[in-house]
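Visitor: need the 3D shape of this:
(2 chains)
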Amino acid sequence: MRKNLYDHVIDWIPEQSSVLDLGTGDGEFLERLIKTRKVRGEGVEKNPQLVTRCIERGLVVHQGDVLDGLDQYGNDSFDYVLLLGTMQELLDPEKVIKESLRVGKYIIVSYSNFAHLKARLQMMFLGRAPVTSSLPAPWYKTPNLHFCSIVDFENFCNDIGVKIVKSAYFNKNREIKIFPNLFAEYALSMLTTLNRAGEINNP
Amino acid sequence: MDSIEKSIIEGDLQDRAISKYQSDLGVTYTNIVKFTNFKTQSGYEFKEIEISYQTLGKLSPAKDNAVLICHALSGDAHVAGINPKTGRPGWWDLHVGPGKAIDTDKFFVICSNVIGGCAGSTGPASINPETGKPYATDFPPITIQDMVNAQVRLIDYLGISKLLAVVGGSMGGMQGLVWAVEYPERVHACVPIATTMAHNAMQIAFNEIGRQAIMTDPNWYGGYYYDKNASPRHGLAIARMIGHVTYLSEYAMYLKFGRKKQRPPMPDDLFPDFFAVESYLQHQGESFVKRFDPNSYLYITKALDCFDLISERPPEEVFKNVKAHFLVISFESDWLYPPSQSKELVKCLKRCKVQTTYLNLGTPYGHDSFLIKNPEFSHALNHFLNAEYKNFQREKSKTV
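Guide: Coordinates of the predicted model:
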């Protein structure tokens, strides 16, 4: 799925745009994005070893947590802010999403679906917190602080006044088009502020 | 091997007798160049100044591989290689040399002693041609900007129009910032390490204790001690001891000394316990006075304290012309120039749309972390310079 999801992100980002990648890790994806889409890209990463790897790749990166990283930039500094795989690990996702929409015009966020069929079956029949390929860690080791389903996340966006521009859903092997809340392990969404929702011109 | 590593970790290469240390560069030398009509920020006009400098590696035909290294308070032009006079390695030999973080096989490295210093460049101990005597405290106050202006003259003299990078820690980092702000067309990249845009009250306070130790030494004589039999060595040694404590961390001191005793008690001891840390500080103080002029210590620490890059201007105005790409590095354990000061700098740079990478390393050795063996630090510096070298070459080929 990872390949599918990341390929999708690349498809969603127009050439020559500007991108801030939050939780950029060793910078592999950001480097690929810069090469394939000719974007101006910067990253935020809190682990110094990974920051050094980014420097090795010639990337511009800020060492710090997500909110500290966002605080470095003025309003509308980027076209896209990426929150790939980190949103559920953040203490205050609402604050991060609002702050990301101050710094960028759009957010592209990915997360694991807690209501996926496998997870539901484990809960139902084993009575245990699910451990699946998209939620691989047991409850005491998972970095995720917030578990949500696709429906939960979409309601959450609605509640905090954030518009979902488009979404795509995936399981391990392919894109899921029907009943994503049941069959998708991962979701990918592009978000923007309500007042910007009218001016969307994306590929 | 272990003991070499250990002695290196113990601190500043200059102040340790490292008999087994071998520099990959072998013996290296410094030169002296004279510049006429040098005006300081305070308005004083020198008819002539001397600047001591060292170059390592070869300048490329395109003159695009020059890296200026700026030294900190107690450094000098002898950045790497063995100093023939002292037999000791340069202060940054661990990070400058063939295949090292700043690779002399690839880059043309320049380092000069600051004006006001006492290691070859014109300073308070130099002879004032008008009187035939040392300037002493007739020497004008100097600033970080003056240090940079002298470096600009040197870079002109070497025929370099644009530096690939200016790299420096502590006071050297301040010089890097001045380069990027005041000479934006002449710097491609800037690496300020463990530094600040302005000293805070605590930093000024430690420097003032050092200055008072010198100025209250009965042998200071208002600064005119050069023709006396004694100099304020004692005051300078104390200043250095205080300084040295601020360059370390609690953890580094615990590792090096703990509560170890230096030697068993002796009959004449006032107090029976002589701690290893006491002995170390005394050694640091004593070895420092052999190579440093007390008046230079006063002038340079004052330059540090007065430095204020922003000085109540809006940051956008200060950084509006900056073109350099930045790598800002701080150390978590540095309590003298804490990461918060580097973060403030990074935020100003980024908010002013200056391309900036920030790295805060967990190295536990305090402010001295950039002077000791530090693989993570070397690695980041090395890769940043390599990447910026490619960028710089690409930019140059576009403009041609």
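Visitor: going forward, measure contacts between C-alpha atoms and count neighbours the same way
Guide: Noted.
Visitor: quick check: the gap between A:Leu91 and A:Thr24.
Guide: 18 Å (Cα to Cα, to the nearest Å).
Visitor: who's more crowded, those two?
Guide: Neighbour count, other Cα atoms under 10 Å in any protein chain shown: between A:Leu91 and A:Thr24, A:Thr24 has more, with 27 against 12.
Visitor: which element is the more buried one on?
Guide: Under the criterion DSSP states H and E, no helix or strand holds A:Thr24.
Visitor: wait, it sits on A:Lys46?
Guide: No. With contact defined as Cα atoms under 8 Å, A:Thr24 does not count as touching A:Lys46 (9.0 Å).
Visitor: got a pLDDT number for the closest residue to B:Ala119 other than its chain neighbours?
Guide: Nearest residue to B:Ala119 in three dimensions, chain neighbours excluded: B:Asp76, at 6.0 Å (Cα to Cα, 6 or more residues apart in numbering or on different chains). Looking at B:Asp76, its pLDDT is 96.
Visitor: now do the SS call for the residue located most distally from the centre of chain A.
Guide: Largest separation from the mean C-alpha position in chain A: A:Phe125, at 30.7 Å (Cα atoms, centre = their mean). Counting by DSSP: H, G, I helix; E, B strand; the rest coil, the backbone at A:Phe125 sits in helix.
Visitor: which residues of the stretch 51-200 of chain B fall in helices?
Guide: B:144-157, B:171-182 (DSSP state H, counting those that start in this stretch).
Visitor: can you point out the buried residues in the longest helix along chain B?
Guide: Across chain B, the longest stretch assigned as helix under DSSP state H is helix B:375-399. For helix B:375-399, burial by neighbour count (16 or more other Cα atoms under 10 Å in any protein chain shown) applies to B:377-386, B:388-389, B:391-392.
Visitor: and if you look at stretch B:218-230?
Guide: So stretch B:218-230, judged by 16+ other Cα under 10 Å, has buried residues B:Asn219, B:Trp220, B:Gly223, B:Tyr224, B:Tyr225, B:Tyr226.
Visitor: contacts for that stretch?
Guide: For stretch B:218-230, contacts defined as Cα atoms under 8 Å, 6 or more residues apart in numbering or on different chains pick out B:Ala125, B:Pro134, B:Ala136, B:Thr137, B:Ile214, B:Met215, B:Ser231, B:Pro232, B:Arg233, B:Asn295.
Visitor: number of residues surrounding the second one?
Guide: Using other Cα under 10 Å as the criterion, B:Pro134 is surrounded by 20 other residues.
Visitor: show me what it bridges to in the sheet.
Guide: Beta-bridge pairing for B:Pro134 (DSSP bridges): B:Ile127.
Visitor: now do the contacts for B:Gly285.
Guide: B:Leu236, B:Ala237, B:Ile238, B:Ala239, B:Arg240, B:Met241 are the contacts of B:Gly285 under Cα under 8 Å, 6+ apart.
Visitor: with adjacent residues omitted, what lies nearest to it?
Guide: Nearest to B:Gly285 is B:Ala237, by Cα to Cα, 6+ apart, at 3.9 Å.
Visitor: now B:Gly210
Guide: Distance criterion Cα to Cα, 6+ apart; nearest residue to B:Gly210, sequence neighbours excluded, is B:Ala239 at 3.9 Å.
Visitor: got the residues of the stretch 201-350 of chain B near chain A?
Guide: B:Val346, B:Lys347, B:Cys348, B:Lys350 (Cα under 8 Å from any Cα of the partner chain).
Visitor: now whichever strand or helix holds the last one: average pLDDT?
Guide: It stands for B:Lys350. Element membership for B:Lys350, per DSSP H and E: helix B:339-351. Taken as a whole, helix B:339-351 has a mean pLDDT of 97.
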